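**Student:** Make a model of this:
(one chain, ligands or ions: 1)
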Amino acid sequence: MVYVTGFKCFRCGRTHNPHEIEKLPIPRCECGSAVDAVYDYKSIQKVILRDEFMRTPPTHWKYWAFMPVKDLSKRITMGEGGTPLLENKRLSKDGRLFIKYEAVNPTGSFKDRGSSLEIAKALEFKKHKVALASTGNMGASMAAYAAFAGLECKVFIPDIVGREKITQIKAYGAETIIVEGDYSVAMKRAEEYVLSNSDSFLTGDYPWRSEGTKTVGFEIADQLYWHVPDYVVVPVGNGTLIWSIYEAFRELSLVGITDKIPHIIGVQVENCAPVVHAWENGLSEIIPVRTIATAIACGDPIDGLAALRAIRDSGGLAIKVSDGEALSARDTLARNGIFVEPSGAVAYAGFLKKELPGTVVCLATGHGLKDMYGLA
Ligand SMILES: *Cc1c(COP(=O)(O)O)cnc(C)c1O
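**Tutor:** Below you'll find the model as predicted:
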């Protein structure tokens, strides 16, 4: 049932066996870098290359073979994924533009895809509690899934996160701890917590989450009848989403369902753009920056190297937009019926700045009701 053969380090390239990674409270390589799941693609090919797979409507768990779950009957689902791929000609330029509208997930952002898998892992490892650091959306998502599964949830939140998001996290009954400092400080606190509380499971941008997040990419290909778009434009915070989308397209081509990988475009906001900086300057490390918060203000992104690889290996681009451009993109999308929070409009703002010929998919990542900054 599980086709994972190992976890490969993004920085030093070392491959760990799954058992070795699964028993770590903080699932990372010794060198400190994030790791990436490697699968037995031949076996996956055997289970999915059936007509039935190609025909079933796209939903998150349709792609279970590409996720590290041991017992599918124990998975936790609240109907995440299966989100619409919207086309509105007024929003496009010369080519075709699709908006992948992730706001319609159960808690209003794409984070629910990763949470669904992380909760399945927490139950598999028989944990009673999940702990994480969050700038808001992931906290709300984990709090909901933990509550649904009957687990406790503890969220470490940087002191600059907006009130709506904290309210949503608390509504699901999670314990919230406001941390003085930015996301990196909150993350350190969450990691320290699980090290001294062995009944707790650390969630966040560790390998399970990105494996669950890949289903955004599978769905995009599936919804385009297995035609690969020319560009996919993605906002970058910790870099998990952009890496997962790239990885999804790479895996689809590895199992022979598609024959190319789209150019992946990463977009960050000017005052917190460490991945764009590394890309523009040809660096092989991410230089952390201090930041003020939005949903994508991650000064030292956990999956920063992975994001950089997704952009480089796909022949993509990394671009910056200003806060003003993000807000104006938010307003334009809303006036055409698609309401997202400012971070959720960053990809569309990036699309408006560049000439991208052919078919383009922009990620609209979080619901407008989550952060109504600047709206009267
Ligand atoms: C989490 C989030 C992002 C960024 O995703 P990463 O995986 O951290 O790069 C973008 N937009 C919204 C609304 C988010 O919640």
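**Student:** sec struct for the closest residue to the ligand within the stretch 201-350 of the chain, please.
**Tutor:** The minimum distance from the stretch 201-350 of the chain to the ligand, using C-beta to the nearest ligand atom, falls at Gly237 (3.0 Å). The way it works is simple: take the backbone N, C-alpha and C, and place the C-beta from them, glycine included. Under DSSP: H, G, I helix; E, B strand; the rest coil, the three-state class of Gly237 is coil.
**Student:** On the pLDDT front, check the closest residue in space to it that isn't next to it in sequence for me.
**Tutor:** With C-beta to C-beta, 6 or more residues apart in numbering as the criterion, Gly237 has its nearest non-adjacent residue at 3.5 Å, and that residue is Ile296. We have a pLDDT of 71 for Ile296.
**Student:** Also His19?
**Tutor:** Note on His19: pLDDT of 90.
**Student:** and if you look at Ala293?
**Tutor:** 44.
**Student:** Let me see the contact set for Ser33.
**Tutor:** Residues near Ser33 by C-beta atoms under 8 Å, 6 or more residues apart in numbering: 9-12, 305.
**Student:** what do you get for Val360?
**Tutor:** 92, 95-98, 229-233, 351.
**Student:** try 10 Å this time
**Tutor:** 92-93, 95-99, 229-233, 262-263, 265, 347, 351, 354 (C-beta atoms under 10 Å, 6 or more residues apart in numbering).
**Student:** Repeat that for Phe351.
**Tutor:** The contact partners of Phe351, by C-beta under 10 Å, 6+ apart, come to 91-93, 97, 99, 231, 233, 265, 267, 319, 321, 329, 360-362.
**Student:** Would you quantify the distance from it to Ser33?
**Tutor:** Distance, Phe351 to Ser33, by C-beta to C-beta, to the nearest Å: 31 Å.
**Student:** Repeat that for Glu247.
**Tutor:** Computed with C-beta to C-beta, the distance linking Glu247 and Ser33 is 16 Å.
**Student:** buried residues in stretch 50-60?
**Tutor:** 58-60 (16 or more other C-beta atoms under 10 Å).
**Student:** go on, stretch 208-219?
**Tutor:** Buried positions in stretch 208-219, judged by neighbour count with 16+ other C-beta under 10 Å: 208-219.
**Student:** now for the host helix or strand of Ile99, which elements pack on it?
**Tutor:** Ile99 belongs to strand 96-101 when assigned by DSSP states H and E. If you count contacts as 3 or more C-beta pairs under 10 Å, 6 or more residues apart in numbering; DSSP states H and E, strand 96-101 packs onto strand 85-86, helix 215-223, strand 231-235, helix 346-353, strand 359-364.
**Student:** Just the buried ones from the contacts of Phe351?
**Tutor:** Buried by 16+ other C-beta under 10 Å: 91-92, 97, 99, 231, 233, 265, 267, 319, 321, 329, 360-362, out of those.
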